[in-house]
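S.K.: Return atomic coordinates for the entry below.
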Amino acid sequence: MYSTLLIAILLMIPGINHDAEPTEGEKERAASFENQLDSGITAFYKTDWDNARTIFRDLQKENETDPRPFFFEAMVPFWQYFFADESSEAADQFLEKSETALEVGNARMKSIPQDTTTVLMMGGLYGYRGLVAASERQYRTAVRSGASGFSFTRKLMGMSGNNPDVLIGQGLFHYMMGTMPREARWLTSMVGLSGNRDTGLRLLEEAAESDTHTSTDARMILVYLYHEEELYDDALRIVEPLVDKWPENVIFRYFLALSLEKSGHEQQAAEQYRVVVDRNHPDLTSLRDRGRERLEYLTASSEH
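M.R.: Here you go, the predicted model:
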């Protein structure tokens, strides 16, 4: 079974008239759709992104009203940007694809207002748009996106109670608002928003420890943020289970190597960097190059 970013269960059944009992043909098409989506998400978490993109785009053509394939296709450039190279090209691609996913999600919400899955995705997309915009110093967009994401989080709280997915939304909101640079704080004050860095990290930790599919995504976000905070032992504690669960994932593997190095485990770090370099992921060449640089540095250091 796969782990998803903001989807605890697959609630939306595509191609079925919900006012009537589905026919056997409709049930078969729905089951096939879900199986393909499962395969695409698994490929996504393995960083087999060419395969994942192909699956998601085929599903978009099959059912253009289901926001899930649009959501996950948008997450590919988000991961590439946020966890790998921070290139403006990847940021623009994410913002463009997430805009399409939000349009499909908004249409879905009009027809099924209480669809929990769509609320999860909408909140997640707005939250991640806020993080990317903040990284690109587009603070107005960051604040607007953060506020929109938090509104979906509040809506989900009213619909689902203590859902671990809510913790990610709350954690992202608090961390982003609590770490806004001084020159942007007037924006958050103007719209009456505030957040706390420590609260954000604590909420993400709670999500990471949950026994739901949310934990994978909360852990990856935490690993990144702990590196930003130079809390490398915490990053190592969080990333090791990710690599155990998804050993094919190049991003997880790179952050394991970096966490090991920063925590003083240089020989183990070199072994993990070597895996990243050998895999030579076509979408993550920046990680390969950084891994090679760190491996050469550690090799040279061990020879002296």
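S.K.: C-alpha only now, for contacts and for neighbours.
M.R.: OK.
S.K.: any idea how far residue 201 is from residue 241?
M.R.: Using C-alpha to C-alpha, to the nearest Å, residue 241 is found at 18 Å from residue 201.
S.K.: Those two - which one has more neighbours?
M.R.: residue 201 (22 against 15; other C-alpha atoms under 10 Å).
S.K.: Roughly how far does the more buried one sit from residue 222?
M.R.: 7 Å.
S.K.: any shared contact partners between those two?
M.R.: Residues touching both residue 201 and residue 222 by C-alpha atoms under 8 Å, 6 or more residues apart in numbering: none at all.
S.K.: Lowest average confidence across helices and strands of the chain, where is it?
M.R.: Ranking every helix and strand in the chain by mean pLDDT, DSSP states H and E puts helix 185-190 at the bottom, with a mean of 44.
S.K.: Mind checking what helix or strand follows that one in sequence?
M.R.: Counting by DSSP states H and E, the element after helix 185-190 in chain order, helix or strand, is helix 197-208.
S.K.: Check which helices and strands that next one sits against.
M.R.: On a contact count with 3 or more C-alpha pairs under 8 Å, 6 or more residues apart in numbering; DSSP states H and E, helix 197-208 meets helix 164-178, helix 214-228.
S.K.: which stretch in those helices has the least confidence?
M.R.: Ranked by mean pLDDT, the helices and strands packed on helix 197-208 bottom out at helix 164-178, with a mean of 67.
S.K.: which stretches of the chain form helices?
M.R.: 24-45, 49-62, 67-80, 88-111, 116-135, 139-160, 164-178, 185-190, 197-208, 214-228, 232-245, 250-262, 266-279, 285-302 (DSSP state H).
S.K.: Can you list the helices and strands that the fifth one packs against?
M.R.: What it means is helix 116-135. helix 67-80, helix 88-111, helix 139-160, helix 164-178.
S.K.: now do the third one
M.R.: The contact analysis (3+ C-alpha pairs under 8 Å, 6+ apart) places helix 67-80 against helix 24-45, helix 49-62, helix 88-111, helix 116-135.
S.K.: With respect to burial, which of those helices scores highest?
M.R.: Compared across the helices and strands packed on helix 67-80, helix 116-135 shows the largest average neighbour count, a mean of 25 (mean count of other C-alpha atoms under 10 Å).
S.K.: Tell me how far it lies from the chain's centre.
M.R.: 9 Å (C-alpha atoms, centre = their mean, to the nearest Å).
S.K.: Return the angle between stretch directions for it and helix 88-111.
M.R.: Angle of helix 116-135 versus helix 88-111, following axes from the mean of the first three to the mean of the last three C-alpha atoms, to 10 degrees, is 150 degrees.
S.K.: could you check the angle helix 67-80 makes with helix 116-135?
M.R.: Using the same axes, to 10 degrees: helix 116-135 against helix 67-80 is 30 degrees.
S.K.: And the helices and strands packed on helix 67-80: which comes nearest residue 214?
M.R.: Of all the helices and strands packed on helix 67-80, helix 116-135 sits nearest to residue 214, with 11.0 Å by C-alpha to C-alpha.
S.K.: mean confidence for the closest one?
M.R.: For helix 116-135, the mean confidence score works out to 79.
S.K.: Could you pull up the residues touching residue 289?
M.R.: Applying C-alpha under 8 Å, 6+ apart, the residues near residue 289 are residue 277.
S.K.: quick one: contacts for the nearest residue to residue 220 once chain neighbours are set aside?
M.R.: Among residues not flanking residue 220 along the chain, residue 239 sits closest, at 7.1 Å (C-alpha to C-alpha, 6 or more residues apart in numbering). By C-alpha under 8 Å, 6+ apart, residue 239 lies in contact with 219, 220, 223, 252, 255, 256.
S.K.: what about the fifth one, how many neighbours?
M.R.: Meaning residue 255. 27.
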